[in-house]
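Undergrad: Okay, predicted coordinates and the sequence, questions at the end:
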Amino acid sequence: MKTPQHRHFASLIAVATLTFAAGCHKKAVPPPPPPPPAATSPSPTASITVTPDSINPGGSAVLAWKTTDATEISIDGIGTVNAYGTQNVSPTESTTYHLVARGSGGSTDATARLTVSAAAAPPQAAETMNEQIFEQNVKPAFFDYDSYEIRPDAQTILAQDASFLAAHPTLKVVIGGYCDDRGSAEYNLALGENRANAAKQALVNGGVSPDRVRTVSYGKEKQFCTQADEACYQQNRRAGFSLDQ
């Protein structure tokens, strides 16, 4: 005969057995799936060029640009522009064109430089020079008989001549080659040309631009002195200077 204690214990065992059996048949609930990654927008790209990249004052150039994945595009000094395009520009001074492109993926920028060359200086007006002042400062160079080599005394004179002409850069001169009356006319024309050219080279070496100097040979056609002695001959063997009007 079972006692009340035995019956109570048996009831507990039965309840426990049922609970365990129910737990063994229950399936585990899987965890929820992770959320999908957030969509990312591509970063904008931008480029800008100017052709040509250097102009003279008053000239023009073509500005060209291109962007991608941008919703807001602007160029400094021009304003809001389309995603791509071109525009003629004619600045009065050198300019850097700065393009900025913004979009949901961020922002980027690009630059192009246009150089405007300095205006050329206006040409200098030709200087008016008094013939007497010119002759006082630009002296003739003298030569030995049958020679067109520059003597030491002529080197000093031609250096002074070059210095004066360098200080008056708009003056142009004619160098005449002269000879005494000995020898043939043809020979003296060649000798006079050599003397004029030798004097010109001395001026050029002294800093005078060669395009300011013109030469001519007079040979023995123009005599400064007609006496038949060495002092007179020496006066005729020269490279003389005059203003080229």
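TA: That came through fine. Residues are numbered from 1 along each chain as shown.

Undergrad: count of residues packed around the residue nearest to Gly105 when sequence neighbours are not counted?
TA: Closest residue to Gly105 apart from its sequence neighbours, by C-beta to C-beta, 6 or more residues apart in numbering: Ser41 at 3.7 Å. C-beta coordinates here come from the backbone N, C-alpha and C atoms, glycine included. Residues contacting Ser41 under the criterion other C-beta atoms under 10 Å number 11.

Undergrad: where's Ser41 relative to Phe134, distance?
TA: 80 Å (C-beta to C-beta, to the nearest Å).

Undergrad: Correct me if wrong: the residue nearest to Gly105 contacts Ser107.
TA: No - at 11.8 Å, Ser41 and Ser107 do not qualify as touching, with contact defined as C-beta atoms under 8 Å.

Undergrad: buried sites along the strand of greatest length in the chain?
TA: In the chain, with assignment by DSSP state E, the single longest strand is strand 106-116. In terms of neighbour count (16 or more other C-beta atoms under 10 Å), strand 106-116 has its buried residues at Thr108, Ala110, Ala112, Leu114, Thr115, Val116.

Undergrad: What of stretch 164-173?
TA: Phe164, Leu165, Leu171, Val173.

Undergrad: who's in contact with that stretch?
TA: Contact partners of stretch 164-173, identified using C-beta atoms under 8 Å, 6 or more residues apart in numbering, comprise 124-127, 129, 134, 137-138, 203, 206-209, 212-214, 241-244.

Undergrad: one more time with 10 Å, if that's ok
TA: Residues outside stretch 164-173 that contact it (C-beta atoms under 10 Å, 6 or more residues apart in numbering) are 123-129, 133-134, 136-139, 161, 199-200, 203, 206-209, 211-215, 241-245.

Undergrad: now the helices for this protein?
TA: 4-25, 131-137, 152-166, 185-205, 230-236 (DSSP state H).

Undergrad: hey, least reliable of these by pLDDT?
TA: Among the helices of the chain, helix 4-25 has the lowest mean pLDDT, at a mean of 52.

Undergrad: what sits against Glu221?
TA: Tyr178, Cys179, Asp181, Ala185, Asn188, Leu189, Gly192.

Undergrad: and the gap between the fourth one and Arg238?
TA: In this structure, Ala185 and Arg238 are 18 Å apart, going by C-beta to C-beta.

Undergrad: which one of these two has more residues nearby?
TA: Between Ala185 and Arg238, counted using other C-beta under 10 Å, the more crowded position is Arg238 (23 against 11).

Undergrad: where in the protein is pLDDT low?
TA: For the chain, applying pLDDT under 70 flags the ranges 1-28, 37-39, 120-126.

Undergrad: right, and Gly207 touches Leu158 too?
TA: No - using C-beta atoms under 10 Å, Gly207 is not in contact with Leu158, being 11.7 Å away.

Undergrad: More neighbours: which of the two?
TA: The neighbour comparison of Gly207 against Leu158 (other C-beta under 10 Å) goes to Leu158, with 26 against 12.

Undergrad: Not counting its neighbours along the chain, what's nearest that one?
TA: Leu158's closest residue in space is Ala202 (C-beta to C-beta, 6+ apart), at 4.1 Å.

Undergrad: which residues does Arg231 contact?
TA: I think there's a mix-up here, since residue 231 is Ala and not Arg. Cys225.

Undergrad: For it, give its distance to Ala190.
TA: 25 Å.

Undergrad: ditto for Tyr148
TA: 10 Å.

Undergrad: and if you look at Lys200?
TA: For Lys200 relative to Ala190 (C-beta to C-beta), the value is 16 Å.
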